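J.: Below are the sequence and a predicted model for it; my questions follow.
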2 protein chains.
Amino acid sequence: MTIEIPSDASVPKVVVSRLSLYLRELQRLESAGQQTISSSQLGTLLGFSDAQVRKDLGCFGQFGYPGVGYRCDELILAIRDILGTNRSWPVVMVGAGNLGQALLGYRGFCRQNFSIEAVFDSDPLKIGQTIQGICIQHIDKLPEVLQAKGIRLGMIVVPVHQAQTVADKLLAAGIEGIVNFAPITLTLPSRVQQVSVDLAIELEQLSFALTNKLAKDLGESHS
Amino acid sequence: MTIEIPSDASVPKVVVSRLSLYLRELQRLESAGQQTISSSQLGTLLGFSDAQVRKDLGCFGQFGYPGVGYRCDELILAIRDILGTNRSWPVVMVGAGNLGQALLGYRGFCRQNFSIEAVFDSDPLKIGQTIQGICIQHIDKLPEVLQAKGIRLGMIVVPVHQAQTVADKLLAAGIEGIVNFAPITLTLPSRVQQVSVDLAIELEQLSFALTNKLAKDLGESHS
């Protein structure tokens, strides 16, 4: 089994997101004892067509067996290899408020090989406190901790008005990728990868679906 | 300006997600005093092509003006109309742990017209406590609260082993849409809309980008 990673530009972000979803489902199936799965079974479980599943995986190589489908364990390893999560990723977090504290206890990170190794804040009342076994440090310590621990990924979990300042500090400390939980678009050089998490976007998917359904139920012309 | 909502099946979820991103950016620009924007400016700010922006918005009508672009205020109203967030949506939350408590304080919901109106848990130690002004109720009260308040959307913020049970209770109480924060795929009838939030997926986007960049930097053949 050979994995070929096409050049960055040729893999849309949405394909990478779907790989994450396939991985979650395969991990669930494997822990339930299932050994193989077809593209149509996997697609049905996630609401995609079998053609979509085959096309997405086909970007990276040939993983299935005729008449068998995919072997769950092999495909899990292959997807982790593609996503880079066959190794562990240490992560720093800036912001130790409610959401930051929740993220420290979130088991989904560890399961996918991400581990929050250091937490920073600028609030004197928080610095020195220990949460989930991690001592909160002053944000000025960012550069030395990043360098000492070889950390390349950071999460911004501060209020919106502090987010760009924190991003600049992470940038100056040499970060290469940022997950931003603050509802603002950060200005960063293109060499730094960034993704945003906006927790209201999923609710908007639902309000769109329900609004649209309602409009159709009532036979309204939406104008 | 006329908005036409195509049938559900013809609008991919990813288009709806991008509408949410356009809305965020327009809201930011408007509050900074900007009155108009071109599709290429909007695309550049978000990392999409101008053609993508025009195609996405073109699914729902004609919103721009020749030589002017889009008026920020008009496009904000139009997108909110499409997403259904021109009205407010009351939401119930099940699970009052760390993440649930963080979500109660998350301002991004309110900004997009979602408001958490009731919180449920099954832990006797939590029931009766008040967080952010909301009293935590026993999960058995779900049906009566949903009916009394006319709530159609719910968020599941419980540990993974409780998520399906909670989903079944929400379903029995008549919920129409669920946002699931537990890292598990829920089994639900197709009449109930569901979206999952997996907080590790954004990190995987970064590990993919960094792994791939590294492979290219080193001139590795990834096999």
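T.: Arrived safely, thanks for sending.

J.: Could you use CA atoms for every contact and neighbour count after this?
T.: Will do.

J.: what's next to the longest strand belonging to chain A, contact-wise?
T.: What stands out as the longest strand in chain A, according to DSSP state E, is strand A:114-121. Contacts made with strand A:114-121 from outside it, assessed by CA atoms under 8 Å, 6 or more residues apart in numbering or on different chains, are listed as A:88-96, A:104, A:109, A:127, A:134-139, A:142, A:145, B:200, B:203.

J.: same thing but at 7 Å, please
T.: For strand A:114-121, the surrounding residues in contact (CA atoms under 7 Å, 6 or more residues apart in numbering or on different chains) are A:88-96, A:109, A:127, A:134-139.

J.: ditto for stretch A:127-144
T.: Taking CA under 7 Å, 6+ apart as the rule, stretch A:127-144 contacts A:Leu104, A:Gly105, A:Ala118, A:Val119, A:Phe120, A:Asp121, A:Ser122, A:Lys126, A:Ala173.

J.: Which positions in chain A make contact with chain B?
T.: Within chain A, the residues that sit near chain B (CA under 7 Å from any CA of the partner chain) are A:2-5, A:8, A:16-17, A:20, A:82-85, A:98-99, A:102, A:108-109, A:177, A:179, A:183, A:193, A:195, A:200-208, A:211-212, A:222-223.

J.: at 6 Å instead, please
T.: If contacts are counted using CA under 6 Å from any CA of the partner chain, the residues of chain A sitting beside chain B are A:2-3, A:83-84, A:98-99, A:102, A:109, A:177, A:200, A:206-208, A:211, A:223.

J.: quick revisit: which of the contacts of stretch A:127-144 has the most neighbours?
T.: With neighbours taken as other CA atoms under 10 Å in any protein chain shown, the top of the contacts of stretch A:127-144 is A:Val119, carrying 26 neighbours.

J.: which among the residues of chain A next to chain B end up buried?
T.: Neighbour counting by 16 or more other CA atoms under 10 Å in any protein chain shown classes A:3, A:83-84, A:98-99, A:102, A:109, A:177, A:200, A:206-208, A:211 among those as buried.

J.: Kindly state the pLDDT recorded for A:Gln164?
T.: According to the per-residue confidence, A:Gln164 scores 96 in pLDDT.

J.: Can you give me the buried ones in the top helix by length along chain A?
T.: The single longest helix within chain A, with elements called by DSSP state H, is helix A:13-31. Of the residues in helix A:13-31, those buried under the neighbour-count criterion (16+ other CA under 10 Å) are A:15-30.

J.: Remind me what the helix or strand just after that helix packs against, helices and strands.
T.: Using DSSP states H and E, the helix or strand that directly follows helix A:13-31 along the chain is strand A:36-37. Under the contact criterion of 3 or more CA pairs under 6 Å, 6 or more residues apart in numbering or on different chains; DSSP states H and E, strand A:36-37 touches strand A:70-71.

J.: how far is the strand it packs on from where the chain is centred?
T.: Taking the mean C-alpha point of strand A:70-71 and that of its whole chain, the gap between them comes to 24 Å (CA atoms, centre = their mean, to the nearest Å).

J.: who touches that strand?
T.: Counting by CA atoms under 6 Å, 6 or more residues apart in numbering or on different chains, strand A:70-71 makes contact with A:Gln35, A:Thr36, A:Ile37, A:Gly64, all of which sit outside it.

J.: Please tell me which one of the residues you listed counts the most neighbours.
T.: A:Gly64 (21 neighbours).

J.: got the angle between the helix or strand of chain A with the lowest mean pLDDT and strand B:114-121?
T.: Comparing every helix and strand of chain A by mean pLDDT, DSSP states H and E singles out helix A:201-217 as the least confident one, with a mean of 82. Computed with axes from the mean of the first three to the mean of the last three CA atoms, to 10 degrees, the direction of helix A:201-217 lies at 110 degrees from that of strand B:114-121.

J.: Return the set of buried residues in helix A:201-217.
T.: Using 16+ other CA under 10 Å as the burial criterion, the residues of helix A:201-217 that qualify are A:Ile201, A:Glu202, A:Leu203, A:Glu204, A:Gln205, A:Leu206, A:Ser207, A:Phe208, A:Ala209, A:Leu210, A:Thr211, A:Asn212.

J.: Apart from its neighbours in sequence, what residue is nearest the third one?
T.: Leaving out its chain neighbours, the residue that sits closest to A:Leu203 by CA to CA, 6 or more residues apart in numbering or on different chains is B:Val179, at 6.7 Å.

J.: which ones are touching that neighbour?
T.: B:Met155, B:Gln194, B:Val195, B:Ser196.

J.: tell me which element the second one is part of?
T.: If I follow you right, that is B:Gln194. With elements taken from DSSP H and E, the one containing B:Gln194 is strand B:193-196.
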